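Trainee: coords please:
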Amino acid sequence: MYLNTHTYYSLRYGTISPEALLQLLKQIGATAFALTDINSTSAHLDIVRLAKKYAIKPILGIDFRNGAQQEFVILAKNNKGLEQLNLYLSDLLHLDKLHIPKRAKYISNTFVIYPFQTTVFELKENEFIGVKPSDLNYLKFSDWRFQQEKLVVLKTVSFQHKKGFNTHRLLRAIDTNTLLSKLPKTEQGAETDIAVPVDVLKELYAEFPQIIANTQKIIEACSIHFDFLNTVPKNQNTYTNNKELDIKLLRKLAYEGLNYRYKKIGKRVFTRLEKELEIIQQKQFVSYFLINWKILKYARSKQYYYVGRGSGANSIVAYLLRITDVDPIELDLYFERFINLYRTNPPDFDLDFSWRDRDDIMNFIFSRFKNTSLIAVYNTFKYKASVRELGKVFGLPKEEIDKLTTYQYNPNTLDNLSKLVLIYSKYIQGFPNYLGIHPGGILISEKPINYYTATYLPPKGFSTAMFDMVVAENIGLYKFDILSQRGLGKIREAVDIIKYNHPTHSAIDIHDIKRFKEDEKIKVMLKNAKAIGCFYVESPAMRMLLKKLQVDNYLGLVAASSVIRPGVAKSGMMREYILRYRNPSKRKEAHPILLEIMPETYGVMVYQEDVIKVAHYFGGLNLGEADMLRRGMSGKFRSKEEFLKVKHQFFENCNAKGHSFELTSEIWRQIESFAGYAFAKGHSASYAVESYQSLFLKAYYPLEYMVATLNNFGGFYRPEYYVHEARMNGAIIQPPSINKSYHQNYIEGKTIYLGFIMLESFEVKNASKIVKERTKNGAFIDLDDFIERVAISLQQLAILIKVNAFKFTGRNKRELLWEAYMKVNKVELEEHVETLFKSEKVTYNTPQLNCNAFEDAFDEIQYLGFPLCSPFQLLLNPISTLLMAVDLLQNIGKTVTVYGYYVTAKRTVTSKGDLMYFGTFVDTNGDHIDTVHFPPVAKKYPLKGRGVYKITGKVTEEFDCVAVEVEIIEKLAIIQDPRYADEPKKLAI
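Mentor: Numbering: from 1, shown residues only. Modelled structure (predicted):
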């Protein structure tokens, strides 16, 4: 009897989750219902999947509305009707502004229901008028009482209870950006849009039995079917339009790749290859491999750099097809982690491209493959954001909202409105708020995407499905991950920069990973953690781990990539791994079974595969159950019931095998603490490959690599630190120059000219004008020449002068500023028109003006964000006696005082909930000082941002890593800004 029900995927309107809706309908005696979310199909497939559990027949439809105004409801009779219905909504959503017409378009295999108040027009065969309970009295006096064959029950269900209705009103107020007290009735549903028992509903319409019969006929005429049990992929079935040809092509490509990848091909390679080909064919993933191959073939044709990551790196077929650069034979990668006959979830390739190239790859995919779309993500209401939104809705002042969002309040003294804000913020936490885009997920389907769902067009302009990756996987649609990252942009650009800065050098084969693995220079860099700018290896935590492990080889780096993940540290196994890595005698402490399962990592779970291995060999789970365990812990699994069942099975099996409960509990604790964070081994290996590429470039071309790093927006650190690193490697750093700089940073020999991109508030269009004019008509002679040739405002010109972009003129910048003020037209800024005769320059008698290097430093801080001189030179009281970073090793256990310039700090929370820091500073020589700030110190001496600090504390050492346990830390004062001081100081040298 329910043909108009909403879940909370009727965004900012409905308040019931799909499962809660089904539970509610079961309670009131419904055996069938129509899900008709407002302008949305997000919950469709989930409802179909869940409805079977509640023995309720689902009908799928859409409630088409302008705001809260219902225009009509369309129900799909069958899957054909649903596809056309999805297409209809997609067409409306793809318009610039969604506007629902008063009359529905005719769609075969559907029923259309108009609300009772609709202006009367001639109804088609599939069109009906919906009568709400509130319309029944009007019906008695309406002409429709004589045409009851066209009337159906239209009882709307949007809320569970009064609180749900109140929540709905708050959501509508958020959506319309209005105060709750001013929310129009036309923008909200009725308080009566709550489910009542089916018998009660029928009783309401007892006077009109034909309406009940009509409604029942529609329910019986509708039938939707989706297969959630069959594991056959619903992705594009074939690559060549012929399955046999697909298999032949995959085999041909794999065997062709053997000579490219291996110098010597042994039996082990052939055995592994044949095994994989057989399983890939059996699991029907042939086209999945070929489509990935085609995407990357296109990327190589455009000379785009990419990295294939994810569990796909466990496959030799992927390696031979150049989808990944990781040799699974060399690393003994567990193919069953990627695909096994028990595993129901899809294979997984994460394809990373430079952020500059990704959009072109996306365009290629959408143009090359027919049924393609992006996947949505459900951006949900977060508690703090909800407090802020609801605070506005209730009209609370900003100060009050700030207190609520920062927990600076006493619950006992809050007024009623503030209490309501907190209550309802908690209630809507986790509700879907709006649809976003998955960072890289693309669907390439055999059937049109609209067979499953409607699509919408986000700002990027690519058609996007209205459900997330979990729903897609449930139906058998497996995503292709096309991601972007800055690291690949750095590598690509560094190679290009090396070409122009070292034209006589041989071309670099950045894919020659085997050579890089054997390179002695790279080994030294790794062992000493000299890897600033090199992908994830540059972070302070990774730098310290590399030192502790003394890693100087590829396999060691692969392990470190996963050991660094939060879960391994949380389980206490990171320290245990380091101990066993450095001290072979400690390896005997591992449990014999675990040591046998994981000899390479000394019985410590480091990779996701280890969870599967331990669950399988130690816990006796089959491969399917073991993978379910891994997925459940990583948060990618829907059913908690099944996960708990597997957990129970693990403990039962361990007991049957004779393992003590204490041992089983400890192993389970280790699994549970890190499984959600650990990397697949192939994933770590892929990251290590990219790190080796970065390390090679940093080892042999450090300056060019640092320029590329800056041009790709850095990495873990601020741009200032990469400028510092370039200087540490011998670079001469120059401020932006009108005759040398480009929009991006530029290197000439060993001199790096900072780009206009580095300047705060400097407009891109002006950078473009400067480069264009200079390229066309040559270098600028002086300020007058520049003003004559480039149309630029006084404010923008002043920025260039202040950062010494006219340094080549040899003139004082205060004089240049004075002249610019006199000569630049401050109002009219038209493009200069070329003339045959140049007008005579007007000259002014410039007054004698002085400036000093301190002014340069403060101008640089203002416009670049950091000074180009040493920050230690700006101290109010220069430092005399210094203990340097290199001296700390000789002072282990002693309390010392060192001076460091703040680079970064990692804030972390202890098990007791207290805040502490791990800091990174550099001394006057530019070397690292690592610090530990335990909670009492962190509270008493909080870090105050960039600057030079006086640090007093005890020097500690663990596994060759030296740090200062801070006891007192003080930020030192710098000189007064000389631009505003009476007597400028001289710069200390």
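Trainee: report the distance from the host helix or strand of Lys217 to the chain centre.
Mentor: Secondary structure assignment for Lys217, by DSSP states H and E: helix 209-221. Centroid separation between helix 209-221 and its chain, computed with CA atoms, centre = their mean, to the nearest Å, is 48 Å.
Trainee: packing partners for it?
Mentor: strand 2-5, strand 127-131, strand 151-153 (3 or more CB pairs under 8 Å, 6 or more residues apart in numbering; DSSP states H and E). For every residue, glycine as well, the C-beta is placed using N, CA and C.
Trainee: what's the closest of the ones you listed to Tyr899?
Mentor: strand 2-5 (67.5 Å; CB to CB).
Trainee: where does the stretch 101-250 of the chain dip in pLDDT?
Mentor: Scanning the stretch 101-250 of the chain for pLDDT under 70 picks out the ranges 230-231.
Trainee: can you do 80?
Mentor: 118-121, 229-232 (pLDDT under 80).
Trainee: which parts of it are strands?
Mentor: Using DSSP state E, counting those that start in this stretch, the strands of the stretch 101-250 of the chain run over 110-115, 127-131, 151-153, 156-157.
Trainee: cool, the stretch 401-550 of the chain as well?
Mentor: Using DSSP E, counting those that start in this stretch, the strands of the stretch 401-550 of the chain run over 432-445, 455-456, 464-465, 480-485.
Trainee: just the stretch 651-800 of the chain next, same as before
Mentor: With strands called from DSSP E, counting those that start in this stretch, the stretch 651-800 of the chain shows them at 732-734, 746-748, 751-753.
Trainee: reformat those strands into a markdown table and put mean neighbour count, mean pLDDT and distance to Gln873 next to each item.
Mentor: A markdown table is the format used below for those (neighbours: other CB atoms under 10 Å; pLDDT from 0 to 100; distance: least, CB to CB, whole Å):
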| stretch | mean neighbour count | mean pLDDT | distance to Gln873 |
| --- | --- | --- | --- |
| strand 732-734 | 15 | 97 | 15 |
| strand 746-748 | 18 | 96 | 25 |
| strand 751-753 | 19 | 97 | 20 |
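Trainee: now tabulate those in CSV and tack on distance to Tyr305.
Mentor: Putting these into CSV (distance: least, CB to CB, whole Å) gives the following:
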stretch, distance to Tyr305
strand 732-734, 27
strand 746-748, 20
strand 751-753, 23
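Trainee: setting aside sequence neighbours, what's the nearest residue to Gly61?
Mentor: Leu75 (3.8 Å; CB to CB, 6 or more residues apart in numbering).
Trainee: give me the contacts around stretch 221-233.
Mentor: 34, 45, 48-49, 57-60, 75-79, 82, 111, 284-285, 288, 344, 346, 452, 474-478 (CB atoms under 8 Å, 6 or more residues apart in numbering).
Trainee: where does pLDDT dip in the stretch 251-400 of the chain?
Mentor: 310-313, 332-348.
Trainee: so which of the strands of the stretch 651-800 of the chain comes closest to Glu256?
Mentor: Between the strands of the stretch 651-800 of the chain, strand 746-748 lies closest to Glu256; by CB to CB that is 39.8 Å.
Trainee: from the chain's centroid, how far away is that closest one?
Mentor: 32 Å.
Trainee: ok, and the closest non-adjacent residue to the spatially most central residue of the chain?
Mentor: With distances taken as CA atoms, centre = their mean, the chain has Pro439 as the residue nearest its mean C-alpha position (5.6 Å). Once flanking residues are discounted, Pro439 sits nearest to Leu483: 6.3 Å by CB to CB, 6+ apart.
Trainee: same check, this time on Leu253
Mentor: Leu321 is the one closest to Leu253 (CB to CB, 6+ apart), at 5.5 Å.
Trainee: Ala560 contacts Asp552, correct?
Mentor: No - with contact defined as CB atoms under 8 Å, Ala560 does not count as touching Asp552 (11.2 Å).
Trainee: and those two? Which one has more around it.
Mentor: The residue with more neighbours, out of Ala560 and Asp552, is Ala560; 26 against 16, by other CB atoms under 10 Å.
Trainee: below-threshold pLDDT in the stretch 751-900 of the chain: ranges please.
Mentor: Per-residue confidence for the stretch 751-900 of the chain (pLDDT under 80) gives these ranges: 825-853, 881.
Trainee: and with 50 instead?
Mentor: 826-830, 833, 836-837 (pLDDT under 50).
Trainee: still on that earlier bit, between the strands of the stretch 401-550 of the chain, which one is closest to Tyr607.
Mentor: strand 480-485 (19.3 Å).
Trainee: could you say what helices and strands the closest one packs with?
Mentor: Strand 480-485 packs on helix 286-301, strand 350-354, helix 358-368, strand 432-445, going by 3+ CB pairs under 8 Å, 6+ apart.
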